[in-house]
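Visitor: Kindly generate the corresponding structure for this input.
(3 chains)
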Amino acid sequence: MKLAALTIFAALFAATAHAQSQPLPPAAEQAQEAAPQGARRPSGPLQQKLVPEMTRYTDEVLFGEVWPGSGLSPRDRSLAVISALIAMNRPAQFQGHLRRALNNGVTVVEASGVLTHLAFYAGWPNAVSALEVYDRVYTERKVDLAALQAAGAALPPIRPEGPAPDPAIAAVAPRFADLTDRVAIDSLWRRSDLSVRDRSLVTIAALTVMGDAELLEPYLRRGVEAGLTRDEIAEAVTHLAFYGGWGKATKSLEAVTKTLGSESSR
Amino acid sequence: MKLAALTIFAALFAATAHAQSQPLPPAAEQAQEAAPQGARRPSGPLQQKLVPEMTRYTDEVLFGEVWPGSGLSPRDRSLAVISALIAMNRPAQFQGHLRRALNNGVTVVEASGVLTHLAFYAGWPNAVSALEVYDRVYTERKVDLAALQAAGAALPPIRPEGPAPDPAIAAVAPRFADLTDRVAIDSLWRRSDLSVRDRSLVTIAALTVMGDAELLEPYLRRGVEAGLTRDEIAEAVTHLAFYGGWGKATKSLEAVTKTLGSESSR
Amino acid sequence: MKLAALTIFAALFAATAHAQSQPLPPAAEQAQEAAPQGARRPSGPLQQKLVPEMTRYTDEVLFGEVWPGSGLSPRDRSLAVISALIAMNRPAQFQGHLRRALNNGVTVVEASGVLTHLAFYAGWPNAVSALEVYDRVYTERKVDLAALQAAGAALPPIRPEGPAPDPAIAAVAPRFADLTDRVAIDSLWRRSDLSVRDRSLVTIAALTVMGDAELLEPYLRRGVEAGLTRDEIAEAVTHLAFYGGWGKATKSLEAVTKTLGSESSR
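Guide: Down below sits the predicted model:
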């Protein structure tokens, strides 16, 4: 699967070498016409003032092509992006995207469910760091907190004893084996505030931007079993290239191809 | 060692698939009884209000089971957690945990020694970012700064010339070889403000949460030579699953098993 | 190449074990003489007060040896360091280093070009988080924003259709293949605000501190083709050990050695 990435980059450099020997086309006016106008451009005034070169990628590509792109619903794009921003601990960017997620159809119960799930997969500090943003956005939306409490209450118990832990792991790290079986498997993944399909997408997004592509395999398989398609996953990872960086997406797409194959679209 | 992780996840998904077909037990009342009451619950009011589902994992599992768990002293748990939070650059969470570390028996000289050590292993920006928290906590504790100065003064010199650097590295990166030999080996690891056992634990914690499991081997061996047991290391990494995320701990435990074996507990 | 790193660490621990059995030399006075005096020391008053042991590494090694070191120009050191700090999302440290970069000869157009480039390679959130620092530094320098706008306007267009995407990637992630070809290759890398040599250095720095050493190969080759030497790259990565941590630099130097060889200096 390394081949896939290397092929992309080989093409990149071949084309770059070629491009460098050509005169750059005078694209300024064309660009001004193509870009959306005014303060409402997603790039915002600071970027427009200080890094004007970046704004066309922001306005025309990220918000002009990727967000409205086909192949993945806006709701699922939002679910992947808020998961990435929690896992990357970027509260400043997370705020706007949590609003966008609720606008795109992620429910409040699901949004809170994402945080519970990512406490395990991205760690408590990243989850806890997002709480103030949740507070601000839920308050401005006048979210029904009582309903949230009720949903939270309806969770499976954490049992004092779980299934017999895996003996190989139990030999080295018995508490990790026990917590994985009893708390992660037997409680977290059974919770009703987020579907298994969505949990898989949330986990894939977090592992992608955290650089843990080598751990993706079981979540990719589980996601497909629960209704995610390979095309949706590939589209989500592509979207996350703009959030976690091109490299993290490249590594993740290698894992997707290795696990789910590269035969014709499905 | 990949086997170990895959086995866990295979079990996870088998159990999840099974669990999904069962009705969820009505656990609300039970949960309310089991959880500690009032504002003193570790989960805190914001989490209780906004993400109620997460609070039982925080209160019952992380603070109810893991922190008081056997197999690793509270002092060593704190040492691992403050190392992780410095390496992850999470000053907001670091503040409470630096207080907790001092309460758990980490001395002020050791706490400052952790920062010096992690300047090398997690980088200067992460170390420098923690300084304001040190200032706040040391000030509120009325720490004797003169004693700290005296301890700091008693350090081995940085020599103008160190041992002959490794020729293979020296061919490509002579300054890196020289700095590693002369500054890291011949100065940092010889410093008396932190024992070699503790330096090993601090390094293992930082590399675990930074996702550098493939670099753990020499530090695991060194730690065991200096008195850490494999069980203590496994317990520390398990604890760090809650701070750096389940994936980082999984990769780290693979390295622990690969380097230190999986024969019966030791 | 793993050998190289293991050799270093084996040497490290052999020497440490030896050192531990020796009395530590009384180095205090010697240290006070050797260190630069007063508030102007790079370590700053907080570090001097709270973590005195760290200041000699900061003042004598990082700022006394590494920054003024031969083998890489101050301008290129700055280019690598600001790239690392943007990719690591450390705005507090980034501010001083952006000033230093402009002092060291990085132009304003190049500095803004770095951000555009890293939006792709380190992700939009990290790039956007740096904007306030740019605003503060550009404002205090009275930067000519009109000239920056003009430079930004002279960029190649983002074409509605690019070269035929790589078929293997296109099968799994057609949008990623298209964006890579059309936007990254055919637009970003062709931009005149940053040379291909500098883009390579910026990319190598970002991938190094983000822990993506396995993706370095094509950028190392491209950088050498565009005029970077292996010695310059090794010096840049050594410098970044102090910013991204010793482990990230170790992994990156393994990739440098693997890709560019370890024959005598070149």
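Visitor: Mind checking if the helix or strand A:V133 falls within is in reach of chain B?
Guide: Under the criterion DSSP states H and E, the helix or strand holding A:V133 is helix A:131-140. Yes - Helix A:131-140 reaches chain B (CB under 8 Å from any CB of the partner chain) through A:131-132, A:134-135, A:138. Where C-beta positions appear, they are placed from N, C-alpha and C, glycine not excepted.
Visitor: for those, which one is nearest C:Q149?
Guide: A:E132 (35.9 Å; CB to CB).
Visitor: Let me see the contact set for that closest one.
Guide: A:91, B:46 (CB atoms under 8 Å, 6 or more residues apart in numbering or on different chains).
Visitor: pLDDT at A:D76, what is it?
Guide: We have a pLDDT of 98 for A:D76.
Visitor: ignore the last one, A:A34
Guide: For A:A34, pLDDT reads 39.
Visitor: Same question for A:E161.
Guide: pLDDT, read off for A:E161, is 70.
Visitor: Out of the residues of helix A:131-140 next to chain B, grab the one that's most surrounded.
Guide: A:Y134 (23 neighbours; other CB atoms under 10 Å in any protein chain shown).
Visitor: any idea how far A:P91 is from it?
Guide: Per CB to CB, to the nearest Å, A:Y134 is found 10 Å from A:P91.
Visitor: wait, which of the residues of helix A:131-140 next to chain B is closest to A:G113?
Guide: For those, the nearest to A:G113 is A:Y134 (11.8 Å; CB to CB).
Visitor: The next helix or strand after the helix holding A:V133 - contacts with which helices or strands?
Guide: With elements assigned by DSSP H and E, the helix or strand that comes after helix A:131-140 is helix A:145-153. Other elements packing on helix A:145-153 under the criterion 3 or more CB pairs under 8 Å, 6 or more residues apart in numbering or on different chains; DSSP states H and E are helix A:108-121, helix B:28-34, helix B:44-50, helix B:52-56.
Visitor: Show me what the helix or strand that helix A:145-153 is followed by is packed up against.
Guide: Counting by DSSP H and E, the next helix or strand C-terminal to helix A:145-153 is helix A:167-172. Packed against helix A:167-172 by the contact rule (3+ CB pairs under 8 Å, 6+ apart) you find helix A:174-179, helix B:2-20, helix B:246-260.
Visitor: Just want the angle from the helix holding A:V133 to helix A:108-121.
Guide: 180 degrees (axes from the mean of the first three to the mean of the last three CA atoms, to 10 degrees).
Visitor: Rounded mean pLDDT for helix A:131-140, please.
Guide: On average, helix A:131-140 scores 97.
Visitor: how far does that helix sit from the chain's center?
Guide: 20 Å (CA atoms, centre = their mean, to the nearest Å).
Visitor: Stretch A:42-61 now?
Guide: 22 Å.
Visitor: Next, see if it gets close to chain C.
Guide: Yes - judged by CB under 8 Å from any CB, stretch A:42-61 and chain C are in contact via A:46-47, A:49-58, A:60-61.
Visitor: Which two among the residues you listed are spaced furthest apart?
Guide: A:K49 and A:V61 (19.8 Å).
Visitor: Next, count neighbours for A:D231.
Guide: Neighbour tally, A:D231, other CB under 10 Å: 18.
Visitor: right, and it touches A:S70 too?
Guide: No - taking contacts as CB atoms under 8 Å, A:D231 lies outside contact range of A:S70: 10.0 Å.
Visitor: can you pull the contacts of A:D135?
Guide: B:46, B:49-50.
Visitor: ok, and the most crowded of those residues?
Guide: Ranked by the number of neighbours (other CB under 10 Å), the contacts of A:D135 place B:L50 first, at 26 neighbours.
Visitor: Check the gap between the spatially closest residue to that residue that is not a sequence neighbour and C:L215 for me.
Guide: Excluding its sequence neighbours, the residue lying closest to B:L50 (CB to CB, 6 or more residues apart in numbering or on different chains) is A:Y134, at 4.7 Å. Distance of A:Y134 to C:L215, computed by CB to CB: 34 Å.
Visitor: Same check on A:R77?
Guide: Taken as CB to CB, the span from A:R77 to C:L215 is 25 Å.
Visitor: from the stretch 51-200 of chain A, which residue is nearest to chain C?
Guide: Nearest to chain C in the stretch 51-200 of chain A, going by CB to the nearest CB, is A:P52, at a distance of 3.0 Å.
Visitor: Quick check, that residue in contact with C:Y134.
Guide: No - using CB under 8 Å, A:P52 and C:Y134 do not qualify as a contacting pair, with a distance of 11.8 Å.
Visitor: So for these two, which residues contact both of them?
Guide: With CB under 8 Å, 6+ apart, A:P52 and C:Y134 have common neighbours C:S112.
Visitor: Show residues contacting stretch A:196-203.
Guide: Contacts of stretch A:196-203 (CB under 8 Å, 6+ apart): A:76, A:79-80, A:83, A:110, A:113-114, A:117-118, A:121, A:189, A:194, A:219-220, A:222-223, A:226-228, A:232-233, A:236, B:16, B:20.
Visitor: Brilliant, that's me finished.
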